[in-house]
Structures are given as structure tokens and as C-alpha cells.
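*Asks:* Have a look at this prediction, sequence included:
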Amino acid sequence: MNEHRRGRPARPQRGRPAPRKSGPRRPPHEDPARRVALDVLRAVRERDAYANLELSQQLRARRISGRDAGLATELTYGAARAQGLLDAVIDACVDRPLSQVDGVVLDCLRLGAYQLLRTRIPEHASVTATVDLARADAGSHTAGFVNAVLRKVSEKDEAAWLDELAPSAGTDAIGNLALRTAHPRWIARAFAESLGDKGPELEAALIADDTRPDVHLVARPGEISADELAAVTGGEVAPYSPYGVRLPAGTGDPGELEPVRERMASVQDEGSQLCAVAATRVPLEGTDERWLDLCAGPGGKATLLGALAAVSGATVDAVEKAPHRARLVEKATDGLPVTVHVADGRDSGLRPGYDRVLVDAPCTGLGSLRRRPEARWRRQPSDVPELVKLQDELLAAALDLVRPGGVVTYVVCSPHLAETEGVVADVVRKAKAQTLDAREFFDGVPQLGDGPYVQLWPHRHGTDAMFCAVLRRT
Ligand SMILES: C[S@@+](CC[C@H](N)C(=O)[O-])C[C@H]1O[C@@H](n2cnc3c(N)ncnc32)[C@H](O)[C@@H]1O
């Protein structure tokens, strides 16, 4: 590493920020796709924006579509997802810690390095177009620096950089795979611990997590069947969910599909569908009329529960703490037997005695990183304990609200053991509850391990990495 640092370009320092003109001086030939990508990366870094939301807003505002929009998406998502890997390479090409490089300059370097290492865009175009952006946003004195760093980056391809920078697979298998698949080490370790593997299966899981997911629709029970929905949308019936349809790649905005506009279907990952369906499938003795969704926003599972409740004659109370998310639940479940309550699920004030309760708890979201390119670098291990405490309290509250003999289904979109088995074990130890074998309620889904919990995985099931436990109140 030190050897590599010799002769590296000096770069503008953070302490001496690049001068910015009142308005960016943009060359007339500036490439619109790269401009959007850079502006989104900057918004993600500076104001914690969500890359997907920011990107679609900027594409709309600048009326960019077609190939330019495709390239902007590829560059934004790619550079955001691969940030840790790109930073390791850039770090090897500059003479100071990256923390001392001006933020905008670093965004430019990430964008340029991504093009050089992970796309087939010719080197000349990658470097020149990125240098133009740096000149416009960070001043002409940065152009030489960005040019020099990117030239250094281009001296090797991704594989050669990884051979140089990744820890040895023999002594640090997780660290090696983490860098190769552009994941933070703590997330790779969490996956390894959940899978019980730090070899080929971990590699498959991390690679799948680095791949853009298919879009699934859920056919609203009582309105349209999955077969009909597949026929109308040109999709195919999903392998496991009785209501799922997988859309072909390149379908465009699913919100524009007629069945979605007509509220006969909505976008929902197949794993989420399976967990909501499982919550309704556990056999009950006695009544089966009052259902509760204790963490309902924005309403994906509440909508499926509501539609199933309408068919079976049950009603659903949907609790959501955040008022704006509660409004989304109201909108999504309009016309269904669902009553929305803005409340803290730990102290909802609702009358106990529910037959079924779903706790789809707030979590790290490590199971849906495929959908949010920047999330893996934003989440921190220090987020886990606070979430675990909240999950614990919500699950305990659910067990207080369900009747004896009723069922609580606990779901998180994360394979992190502290959020999954850890929470369930802790609550079951303190509550009157029996753990059921959740696999029984995931009909036809293969590779569910030894139970009693279900952990879905992108590389095994093509779904988000959802965890599901089913408890019966004793
Ligand atoms: C994982 S999301 C639920 C997703 C939802 N079930 C769906 O399928 O669309 C967790 C939700 O719990 C909400 N939440 C967080 N803390 C809460 C609390 N103490 N009580 C109730 N809801 C809470 C969050 O605002 C968030 O909307």
C-alpha cells in the first residue's frame, strides 16, 4: 500500500474547500446523465437523501428520459452501491486520508472510478466527462487533481485492484468477500452469522445482494388472481406467493400499469407477501375475527391483510406511529375493513383480545439493501441495539394484545441475528408464548433450514431477506 502511495497526486484539502461560484459554471456540452448522477450522489452525502427518490425527482425535473435516464440510473446506483470498494481504490491513489478530500471532489472521484472499474464506458470518456463536472462544481484547480487520480485508478481493472487491496481470503474470508462485493464488513459478518457460512453461500448471498431485484406485484385477493394479473401485465406468476407476479425487466413504472392504477394490485416484494400470508394461515381454535397490524406504515402488508380479512369476514386494526405514514396506510387500505390508528404500538391503548397480530417491526433493513443503493453505507452497527430494544418492546406488546390461543407473527426485513432470533428468544423467555414452526406456513418454499424460524434470502428465494417467527400465546 505504502509503495503505491509514492508519487500520488496531492489533492485539495477539506480544510481549504474548493471555491464555488454563485451558480455552477457548466460547460454547454456537459453530459446530462453524469450531471444527474453527480448531483444525486452529492444529495445523498450532504443531506442524507434517498438515492432512488432523489434520482427520479431529478430526472423528472430535468426531463431526462430514454438512454440518458438509463445511464444516469446505472451510474448513480452503481456508484452509491459500490462506495466502499471505490473509496478503497481512490484511497490507494491519493496521498491523504479520504476524510480530508473535499466532498464534491470525492463524489466526482467515485463517479469516475465507478465508470472505470465497473462499466464498459471507454476510459477517455469516463475521465474527461468527470473532470468536466469537477471543474464546473469544484473549480478549475481541482480538474488536474481529479484527472490525475482517475488516470491512476485506470491503470488497473477491478480484479487487479481487488487482488491488491482485499485482505487474504485465507486469513480473513469475510473481509475478502466484503470488499469484493462492496459491502461493509459488519454487514457481511451479519450475513455470515445468519447463514452459518463464510464461504460459497456467503459469497452467493452478497453477490445476490449486489444485484438489482425483480419487481413483484401482489394481486389483491378477491379482486384479481395472480394468473389474471400475470396475463394483463405480461409478467409471470411468482414461484411461492399465491398472489405474486414477477414483472419482466424493463417494464417501466409499475404505478402506470392498469391493474395498479385500478387498485387491483400493488408493488410488493414476494417475501413480504409470504410473511403477511403466513400470518393469516396459522390455524386457530375459536374466533378469527380481530386482526392487528402493529407497525403498519406505509401499508403494504396491511393492504394484503385487509383484502384477506375482507374475504374471510375479519377486520384489521392498523397501528402506525408516524402520522404521515399512517396516512399512507389509510390511502392504501381505502375500501378494505381496516381501521388506522396513529399510536405507539408499545402503548396503543387498543382493546386486547386480538386473534392475530402482525409485528412487522422497524429494523436495520439489511434484508432489502438491494433496493436502496446507499443504505449499506449509511447504516451503522451502532443502530442495532436501539432497534433491538424497540423490537423487543413491540413484540412484548403484541403478546399482551393477543388472546390466549391467538398468534403473533414477528417479521423483520433483516437477517441480523440480534434482530431476529435474539429478539424472539428474549421475548419468549419472558412471556407466555410458544414458538411454532413457521416453515409450515410457507407452503412450497424450499431451503428453509431447520426451523422453527423462517429466513428468506435473495440468493435462495429471489426475495428480500425477510425473517419470520410465529408465536402462539399460551
Ligand atoms: C418495517 S416498517 C412496516 C412496513 C409495513 N408493515 C408494510 O408492509 O408496509 C415499520 C413501521 O413501524 C413504524 N414504527 C416505528 N416505531 C413504531 C412504534 N413504536 N409503534 C408503531 N409503529 C412504529 C415505522 O414508522 C414504520 O412505518
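*Replies:* Yep, that arrived. Numbers count the residues shown, from 1 in each chain.

*Asks:* three-state assignment of the nearest residue to residue 453 once chain neighbours are set aside?
*Replies:* Nearest residue to residue 453, sequence neighbours excluded (CB to CB, 6 or more residues apart in numbering): residue 469, at 4.9 Å. Yep, even glycine has a C-beta here, placed from its N, CA and C like the rest. Under DSSP: H, G, I helix; E, B strand; the rest coil, the three-state class of residue 469 is strand.

*Asks:* so what's residue 469 up against?
*Replies:* Taking CB atoms under 8 Å, 6 or more residues apart in numbering, we find residue 469 in contact with 409-410, 420-421, 424, 435, 438, 452-454.

*Asks:* The same query, at a cut-off of 10 Å, please.
*Replies:* Residue 469 makes contact with 359, 395, 408-412, 420-421, 423-425, 427-428, 435-436, 438, 452-455 under the criterion CB atoms under 10 Å, 6 or more residues apart in numbering.

*Asks:* cool, and residue 170?
*Replies:* Residues in contact with residue 170 (CB under 10 Å, 6+ apart) are residue 176.

*Asks:* And it, how close does it get to residue 88?
*Replies:* 19 Å (CB to CB, to the nearest Å).

*Asks:* In the beta-sheet assignment, what are the partners of the residue nearest to residue 453?
*Replies:* Here residue 469 sits in beta bridges with residue 410, as judged by DSSP bridges.

*Asks:* Any stretches of this protein with poor pLDDT?
*Replies:* Confidence mapping of the chain against pLDDT under 70 gives the ranges 1-28.

*Asks:* Could you pick out the residues of it near the ligand for me?
*Replies:* Residues of the chain that fall close to the ligand, judged by CB under 6 Å from any ligand atom: 272, 295-301, 319-322, 325, 344-346, 360, 362.

*Asks:* okay, now the closest residue to the ligand within the stretch 101-250 of the chain: neighbour count?
*Replies:* Closest residue of the stretch 101-250 of the chain to the ligand, CB to the nearest ligand atom: residue 218 (10.5 Å). Residues within reach of residue 218, counting by other CB atoms under 10 Å, total 28.

*Asks:* what's the closest non-adjacent residue to it?
*Replies:* Using CB to CB, 6+ apart, the nearest residue to residue 218 is residue 268, at 4.2 Å.

*Asks:* Quick check on that neighbour: phi, psi?
*Replies:* Dihedral angles phi and psi of residue 268 (degrees, to the nearest 10) take the values phi -160, psi 130.

*Asks:* isn't it right up against residue 300?
*Replies:* Yes - the pair formed by residue 268 and residue 300 meets the contact definition of CB atoms under 10 Å, at 4.9 Å.

*Asks:* residues shared between the contacts of those two?
*Replies:* Joint contacts of residue 268 and residue 300 (CB under 10 Å, 6+ apart) are 218, 276.
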